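Enquirer: Here is my input; please provide its structure:
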Amino acid sequence: MANAGEEFRLVSPGIEHDGRLPRKYTDEGQGAKKNISPPLEWYNVPEGAKSLALVVEDIDAPDPEGPIVPWTIWVVSNIPPSLKGLPEGFSGKETAEGNIKEGHNDEKVPGWRAPKMPSHGHRFEFKLYALDDEPHLGNKVTKEKLLDSIQGHVIGEAVFMVHF
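Expert: Have a look, this model is predicted:
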C-alpha cells in the first residue's frame with residue numbers, strides 16, 4: 001500500500017509511456033502471436049483499496065455517425081489490490097487469483113482485443129481504478145456496467161497512454 005505523497009502509477013514493462021503499442025499486442029501481429037494482452041505493473045496502490053479495475057480504450061476511435069467515441073479494448077474487474085500487476089498474455093487465461101473478471105470489449109467478446117486500425121496514431125488509454133469496495137457485476141461485465149457500479153467508490157486512478 002502507498003505511503004502518503006507517493007503517486008499511484010501504472011506502467012507496462014513491454015511499452016514505454018507514450019510509446020508505440022508493439023504489434024504483437026494488436027490484431028496486426030505476426031503469425032499466431034497477436035491479441036496478447038501487454039504486461040502491466042502498478043505501484044503505490046492507495047490505502048484502503050479493496051479491489052482494482054482496469055479499462056483500456058482507444059480514445060481516438062472515429063464514429064462514422066459523428067464525433068469520436070472511445071472504443072473499449074479491455075475491461076478487467078475485481079483485481080485483488082495485493083497483486084502487483086498482470087503478466088503478458090494474462091487475458092483469456094483462467095486465474096487462481098481471487099475472482100478477477102474480464103469484461104466484454106466493444107467487439108462483444110471478453111478479454112483483450114486491440115482492433116485492426118484503419119489508421120495509425122490513435123491513443124490507447126489504460127486506466128486503473130483503486131476502489132474502496134469490490135463491485136458485484138454479475139456474469140457479463142461491460143465497461144458501462146463497471147463504470148456505473150464504481151461511482152462513489154474510486155479512491156485513486158492511474159493512467160498510462162500509448163500510441164498505436
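Enquirer: can you give me how far stretch 85-103 is from the chain middle?
Expert: Relative to the chain's own centre, stretch 85-103 is displaced by 11 Å; criterion: C-alpha atoms, centre = their mean, to the nearest Å.
Enquirer: Then stretch 71-87?
Expert: With C-alpha atoms, centre = their mean as the basis, stretch 71-87 stands 6 Å off its chain's centre.
Enquirer: List the buried residues in that stretch.
Expert: 71-79, 81, 83, 85-86 (16 or more other C-beta atoms under 10 Å). Any C-beta I mention is one placed from the backbone N, CA and C, and that applies to glycine too.
Enquirer: Now secondary structure too, for those, in JSON lines please.
Expert: Below are those laid out as JSON lines (DSSP: H, G, I helix; E, B strand; the rest coil):
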{"residue": "71", "secondary structure": "strand"}
{"residue": "72", "secondary structure": "strand"}
{"residue": "73", "secondary structure": "strand"}
{"residue": "74", "secondary structure": "strand"}
{"residue": "75", "secondary structure": "strand"}
{"residue": "76", "secondary structure": "strand"}
{"residue": "77", "secondary structure": "strand"}
{"residue": "78", "secondary structure": "strand"}
{"residue": "79", "secondary structure": "strand"}
{"residue": "81", "secondary structure": "coil"}
{"residue": "83", "secondary structure": "coil"}
{"residue": "85", "secondary structure": "strand"}
{"residue": "86", "secondary structure": "strand"}
